[in-house]
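Participant: Structure of the sequence below:
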Amino acid sequence: MGDEILLTKEGYAKLKAEYEELVSVTRKEVAERLKEARAFGDLSENAEYDAAKNEQSEVEARILKLEQMLRQAKIMDDSDYEEGVVNAGSSVTVFDKNAGVEKVYTILGASESDPFKGIISNVSPIGKGLLKHKVGDVVEIETPGGKVTLEIRAIQMYSAGKDE
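Facilitator: Numbers count the residues shown, from 1 in each chain. Now for the predicted structure:
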């Protein structure tokens, strides 16, 4: 079994809902399309059949991936949050000394990251580099784009919904 997957309660609920939709609805719809495509006859030149088989393969692969993620999920809660220290589940205000701008990063698990919204993974270079640091710390982090220097200005516990 691989590493645990950090999720918020909301992130876990979204994955669970997607899984249930795929298993109870999508899987049946694809099976019906396969059945209809088979009725067209010669399967060797049946584009509808090929498309339905491909879709079935994708759906089954996603179901397996979601099952694995849900088995490995660790739901973050208040007991995981250490006050005054950057944790997975923190929203961190930093001053980027290279760019001369203030930024806010929310550090969550990889499956919930959305860099365009400032939600980064706890295993990304910046996320990993900020973990366990405190307000006032200046952290140098090696990223694929080069070294960045960040001064931590504020740390808060992430609350779902405010960034969505």
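Participant: Can you check which strand is longest in this structure?
Facilitator: When the chain is parsed with DSSP state E, its longest strand is strand 146-157.
Participant: Mind listing the residues bridging to residue 103?
Facilitator: residue 94 (DSSP bridges).
Participant: Would you map out the domains in the chain?
Facilitator: The record's domain parsing of the chain by automatic domain parsing lists 5-75, 78-157.
Participant: Show me what the mean pLDDT comes to for the last one.
Facilitator: When you say that, I think you mean domain 78-157. Across domain 78-157, pLDDT averages out at 92.
Participant: From start to finish, how long is that domain in a straight line?
Facilitator: 9 Å (CA to CA, to the nearest Å).
Participant: try the first one
Facilitator: Start-to-end span of domain 5-75 (CA to CA) is 8 Å.
Participant: now do stretch 132-140
Facilitator: Span of stretch 132-140 from end to end, CA to CA: 14 Å.
Participant: Go through it and flag the buried ones.
Facilitator: Of all the residues in stretch 132-140, those buried under the rule 16 or more other CB atoms under 10 Å are 133, 139. Any C-beta I mention is one placed from the backbone N, CA and C, and that applies to glycine too.
Participant: tell me, what residue is most central in this protein?
Facilitator: What sits nearest the mean C-alpha location of the chain, by CA atoms, centre = their mean, is residue 111, with 1.6 Å.
Participant: Double-check that that residue belongs to a strand.
Facilitator: No: counting by DSSP: H, G, I helix; E, B strand; the rest coil, residue 111 is not part of a strand but helix.
Participant: How many residues are close by the residue nearest to it when sequence neighbours are not counted?
Facilitator: If the residues on either side of it in the chain are set aside, residue 111 comes closest to residue 5, at 5.9 Å by CB to CB, 6 or more residues apart in numbering. Other residues lying near residue 5 total 20 when counted by other CB atoms under 10 Å.
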